[in-house]
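Peer 1: Next one to model:
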Amino acid sequence: MEMQELLNELYSYSLHGIKLGLENIEKICEALGNPQNNYKIIHITGTNGKGSTSTIIETVLLKAGYSVGKYTSPHILKFNERIRVDGEDIPDKDIAEIYKIVREKIEELKITPTFFEVTTAMMFLYFARKKIEYAILEVGMGGRFDATNVVNSDIAIITNVSLDHIEYLGKTIYEISREKAGIIKDKSYVIVGDSQKEFLKAIKEKTEDFVNVIDKYKNIDYKLNFEKFNTDIFIGDKKYQLSLFGDYQVKNFLCAYEALCKLEVPESVIKEAIKEVVWQCRFEIYEKNPVTILEGAHNIDGIKNLKQIIEKGYLKEKVVMIVSILKDKKIEEMLKVCEEISENIILTSLSENPRGLSAKKLYEFTDKSQIFTAIEDIKEAYNFAKNLNKEIIIVCGSFYTCEKFKREVGLC
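Peer 2: Predicted structure coming up:
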């Protein structure tokens, strides 16, 4: 089977939609010999910050000499990005081999799993075959009924909780927090990065034994470096130069740092490794002339975090934004925050995505002011943005927007 044909078949499992529950994945894993039990698990959930926290931990553990697997979603350019071992994406030939094994088990079991359940099973098997020491798993959605939650984690991290995916996880912070707290197991060392009362109530119902990095590291300081686009973090008399940029990355670093300290990784390794962390579409400096930033900012908290960064370094009139937002997000609220960031907002299309909208449709969510321009084609949108001759261009609103930019503008 050709690779594209294989991927098309794999993506066809998306037609089964989102089904929260562990029955299918438990059956598949059992048929595979429960490969998820062959390595130590660092399990990470949260509304925002999962990918950055995962990647900081991955980079440091690799620097410390461990064999490490990482599982994240969604991918930006290639499916292979979702499953990584020792810093390398899974090769096409291994996707084909692992998928064949998993598909045969699914056929024997006579079940209809979702796309995420199939890819999660593939990941577990691939990691076992590569004999990794640590698996860093990013939850797909929620936690309690997420396919990754068949594991018995050594470390469980909940970065934060805000109102997202409410149609699946609940309509309040407490309800969503209970779902995310589902990743906590009896042996888990639990780390959280949120102090909302409803969040803490849900965590304490699951365990009283946890570390809240907001409390533990309340006296830290940090500084954003707008020349190098990195973040300097000060814990006591120690300075850490994190290559990821932004106020919100400080808490992600602290969650990762606490996990790494628990694993007894030397301070010297942590300090060196975090200078080298690379994570796509998280304030990614994609072009320096003009300065072009790719930032997922895919929900209201994400766009507020972006605002917090930009207003420290740029005047509104010096910023251009290229934005597209999925229809199941808080579009009006997100666009209002965009208006606080920039006086030049270009709306562009994600209509090829089942959850996406055209630029014209997005424009209907605005007040129709001169701040907004609708340009369907993202390449045309970028050319228009460059011709405005501002200091910075920000592509944001969804990881799919960033992915489309990379693919169609051709800078990759």
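
Peer 1: can you list the domains in the protein?
Peer 2: 3-276, 284-409 (automatic domain parsing).

Peer 1: starting at the chain centroid, how far to the longest one?
Peer 2: The one in question is domain 3-276. Mean C-alpha position of domain 3-276 versus that of the full chain (CA atoms, centre = their mean, to the nearest Å) differs by 9 Å.

Peer 1: could you give the mean pLDDT of that domain?
Peer 2: For domain 3-276, mean pLDDT rounds to 93.

Peer 1: hang on, the earlier thing: make a markdown table from the domains of the chain and add mean neighbour count to it.
Peer 2: Glycine gets a C-beta too; all of them are placed from N, C-alpha and C. Below are these laid out as a markdown table (neighbours: other CB atoms under 10 Å):
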| stretch | mean neighbour count |
| --- | --- |
| domain 3-276 | 19 |
| domain 284-409 | 19 |
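
Peer 1: Contacts only, for the most centrally placed residue in the chain.
Peer 2: With distances taken as CA atoms, centre = their mean, the chain has residue 51 as the residue nearest its mean C-alpha position (3.6 Å). By CB atoms under 8 Å, 6 or more residues apart in numbering, the contact set of residue 51 is 72, 138, 279, 282.

Peer 1: Repeat the analysis, applying 10 Å as the threshold.
Peer 2: 44, 70, 72-74, 138, 159, 252, 279-282, 296, 399 (CB atoms under 10 Å, 6 or more residues apart in numbering).

Peer 1: Which stretches in the stretch 101-250 of the chain count as strands?
Peer 2: Ranges of strands in the stretch 101-250 of the chain, per DSSP state E, counting those that start in this stretch, are 134-138, 155-158, 189-192, 210-212, 221-225, 230-235, 238-242.

Peer 1: Between these, which one is closest to residue 384.
Peer 2: Within those, the stretch nearest residue 384 is strand 221-225; the backing value is 28.5 Å (CB to CB).

Peer 1: Quickly run through the sheet partners of that closest one, with directions.
Peer 2: Sheet pairing here is set by DSSP bridges, and for strand 221-225 it gives strand 230-235 (antiparallel).

Peer 1: circling back to that earlier point, residue 336: which of the strands of the stretch 101-250 of the chain is closest?
Peer 2: Of the strands of the stretch 101-250 of the chain, the one closest to residue 336 (CB to CB) turns out to be strand 221-225, at 23.9 Å.

Peer 1: The closest one to strand 238-242, inter-axis angle?
Peer 2: Comparing the axes of strand 221-225 and strand 238-242 via axes from the mean of the first three to the mean of the last three CA atoms, to 10 degrees yields an angle of 40 degrees.

Peer 1: Contacts made by strand 221-225 with the rest, please.
Peer 2: 230-236, 239-242, 245-247, 249-250, 253-254, 308-309, 312-313.

Peer 1: can we see that at 7 Å?
Peer 2: Outside strand 221-225, the residues that touch it by CB atoms under 7 Å, 6 or more residues apart in numbering are 231-234, 245, 247, 250, 309, 312.

Peer 1: cool, stretch 244-255 as well?
Peer 2: 49, 52-53, 56, 157, 159, 191, 193, 213, 217, 222, 224, 229-231, 233, 242, 277, 279, 282-283, 305, 308-309.

Peer 1: Next, give phi and psi for residue 69.
Peer 2: Backbone geometry at residue 69, expressed as degrees, to the nearest 10, gives phi -110, psi 150.

Peer 1: dump the residue contacts of it.
Peer 2: 84-85, 127, 130, 132, 135-136.

Peer 1: residues in contact with the closest residue to residue 216 other than its chain neighbours?
Peer 2: Leaving aside its sequence neighbours, residue 216 sits nearest to residue 258 (CB to CB, 6 or more residues apart in numbering; 7.1 Å). Neighbour list for residue 258: 191, 211, 213 [criterion: CB under 7 Å, 6+ apart].

Peer 1: ok so residue 258 is a helix residue?
Peer 2: Yes. Membership of residue 258 in a helix is supported by DSSP: H, G, I helix; E, B strand; the rest coil.

Peer 1: Can you give me the distance of it to residue 122?
Peer 2: Residue 258 sits at a distance of 30 Å from residue 122 (criterion: CB to CB, to the nearest Å).

Peer 1: Residue 71 now?
Peer 2: From residue 71 to residue 122 the distance is 10 Å (CB to CB).

Peer 1: so what sits against both of the two?
Peer 2: Counting by CB under 7 Å, 6+ apart, the residues touching both residue 71 and residue 122 are residue 83.

Peer 1: ok so, going back, okay, the contacts of residue 51 in CSV with secondary structure and distance to residue 289 next?
Peer 2: As requested, those are exported to CSV (DSSP: H, G, I helix; E, B strand; the rest coil; distance: CB to CB, whole Å):
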residue, secondary structure, distance to residue 289
44, strand, 36
70, strand, 32
72, coil, 30
73, coil, 32
74, coil, 29
138, strand, 33
159, coil, 34
252, helix, 29
279, coil, 23
280, coil, 20
281, coil, 20
282, coil, 21
296, coil, 23
399, helix, 25
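
Peer 1: Just list whatever residues bridge to the nearest residue to residue 135 once chain neighbours are set aside.
Peer 2: Of all residues not flanking residue 135 in the chain, residue 69 sits nearest, at 4.6 Å (CB to CB, 6+ apart). Beta bridges link residue 69 to residue 85, residue 135, judged by DSSP bridges.

Peer 1: end-to-end on stretch 323-330?
Peer 2: In stretch 323-330, first residue to last residue: 14 Å (CA to CA, to the nearest Å).

Peer 1: Centre of the chain to that stretch, how far?
Peer 2: On CA atoms, centre = their mean, the centre of stretch 323-330 falls 16 Å from that of its chain.
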